[in-house]
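# build me a model from this:
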Amino acid sequence: MDAPTTTSADNGTSGGGSGWFRPHQQPATPPGGETASPEPAPPALVTPETPPPAEQRVPPQRTAPARAQEASPDAVLIRRTMAEVGPVADKVTSYFYALLFVRHPELRSLFPAAMDTQRDRLLKALLTAAEHIDNTPVLVDYLQNLGRGHRKYGTRPEHYPAVGECLIGALSKYAEHIWDPEFEAAWVRAYTTISQVMIDAAAADERRAPAWWYAEVVAHDLRTPDVAVVTVRPDQPYPFLAGQYTSLETPWWPRIWRHYSFASAPRSDGLLSFHVKAVPAGWVSGALVHRARPGDVLRLGPPAGSMTVDHTTDNGLLCLGGGTGIAPIKALVEDVAEHGERRPVEVFYGARTDVDLYDIDTMLRLQQSHPWLSVRAVIDEQARLQLPDAIRRYGPWNEFDAYVSGPPGMIRKGVDALRDSGIPFERIRHDSVEELVVTGG
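Below is the predicted model of the structure:
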């Protein structure tokens, strides 16, 4: 469970705080969703030379960062706490889990056997919540997604007090030089808000969707030695939007979930495809690429993400897809095509070598079918420039909305390049870099 924050000046050892953070409402039922194409033209290689049918929740539009304003007293105290414990973050999370599992052993089954990545998930969630403690729209949207996503772990409203009590016990221990009743009260208020938003979001989601979906693998296409396209059939309808992602659990690594983007717009046959690259020490990615076969059954979490097409504007789409990040970009192209729009769509497909352009034929067939689509390959090894650098050679992009998908480093550089090219922040969309860093393989 990667919930952010909570309290106890006794370092969490007495359990005296068990009455804190009581939820105001709870989900009504337990979680658990048992409940022939012409030959494509060669790619336009960029070189360093001169230039579903179901009702769906539409993700909120991104807005520009709010103008700087004076932080609230609670935000000041929370950020001071974070600065104090930052250098010993590993110790904080280790102590938190020790408290949680000793005092509440019944919660151990909610977590994976190996806790290495889970420790980072908790810290990232905590940092994100603290960072946006005064930015209500951003914080609420983040926490609502977190609350919905936690249903797949089996998280219940009654678990939140235990988490809050033990987490603040850990914070008070490692921020002891500054910790006092004022700090504790600030964290109690913050965690009460955080947990209630998550609980309410989970309750609302439970009324319309299962906690997870079972999905049978129906096709496994190994495109390169370490990249596979995995196609699954969910056991019940799975509504999502092109550009979103989900979390996946394999039968070989229970309770370990990883995020993967949908590689197509919603299909009439209900099938879902994912592009998976096996990474070193990647338990889930390695299993999906090298072990999964038709007939295997996976579990899917709920859809998430706001990297979706705004169909209310005529702006063009500038899409940067690096490696398997081409998957959601392809979904966005299909989405534009299905809406019958003729907006210009410029796709830059980045890879280290030409072998890594495993989906270029698919993208070029789409380009042949749609005159408004342009696909350019950016190969590091040949062009000696990276994907973010390539877009600076083209443009102008002031009439485009931008979409960026790929490794975290590429996303950061891509966003910088796009802003340098004149695209405002609110018109640049990408998956959460924090989530990508946390989930690994």
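
# what about stretch 201-214, distance to the chain center?
18 Å (Cα atoms, centre = their mean, to the nearest Å).

# model confidence over that stretch, on average?
With pLDDT averaged residue by residue, stretch 201-214 scores 94.

# straight-line length of it, end to end?
Taking Cα to Cα, to the nearest Å as the measure, stretch 201-214 stretches 22 Å from start to finish.

# would you agree Thr362 is in contact with Ile329?
No: shown here, Thr362 and Ile329 do not form a contact pair, counting by Cβ atoms under 8 Å, at 10.9 Å. Every C-beta, even on glycine, is put in place using the N, C-alpha and C of the backbone.

# specify which residue of those two has the higher count of neighbours.
Each of Thr362 and Ile329 has its neighbours counted (other Cβ atoms under 10 Å); Ile329 has more, 30 against 18.

# still on that earlier bit, any shared contact partners between Thr362 and Ile329?
Shared contacts of Thr362 and Ile329 (Cβ atoms under 8 Å, 6 or more residues apart in numbering): none.

# residue boundaries of the strands in the stretch 151-300 of the chain?
213-224, 227-234, 245-249, 257-261, 272-277, 297-300 (DSSP state E, counting those that start in this stretch).

# find the helix or strand that Ser374 is a member of.
When elements are assigned from DSSP states H and E, Ser374 belongs to strand 373-379.

# stretch 244-255: which residues count as buried?
Gln244, Tyr245, Thr246, Ser247, Leu248, Glu249, Thr250, Trp253, Arg255 (16 or more other Cβ atoms under 10 Å).

# give the contact list for the last one.
The reference is to Arg255. By Cβ under 8 Å, 6+ apart, the contact set of Arg255 is Leu110, Phe111, Pro112, Ala113, Tyr153, Glu249.

# pull out the buried members of the residues you listed.
The neighbour-count test (16+ other Cβ under 10 Å) marks Leu110, Phe111, Pro112, Tyr153, Glu249 as buried among the contacts of Arg255.

# Asp401: which of the buried residues of stretch 244-255 is nearest?
For those, the minimum distance to Asp401 (Cβ to Cβ) is 16.2 Å, reached by Gln244.

# and the residue lying closest to the closest one once chain neighbours are set aside, how many neighbours?
Nearest residue to Gln244 in three dimensions, chain neighbours excluded: Gly305, at 4.2 Å (Cβ to Cβ, 6 or more residues apart in numbering). Residues contacting Gly305 under the criterion other Cβ under 10 Å number 22.

# the biggest helix by length in the chain: how far from the chain's middle?
Across the chain, the helix with the greatest residue count (assigned by DSSP state H) is helix 181-206. For helix 181-206, the distance from its own C-alpha centre to the chain's C-alpha centre is 21 Å (Cα atoms, centre = their mean).

# okay, buried residues for stretch 340-358 please.
Neighbour-count burial for stretch 340-358 [16+ other Cβ under 10 Å]: 341, 343-351, 356-358.

# cheers, nothing more for now.
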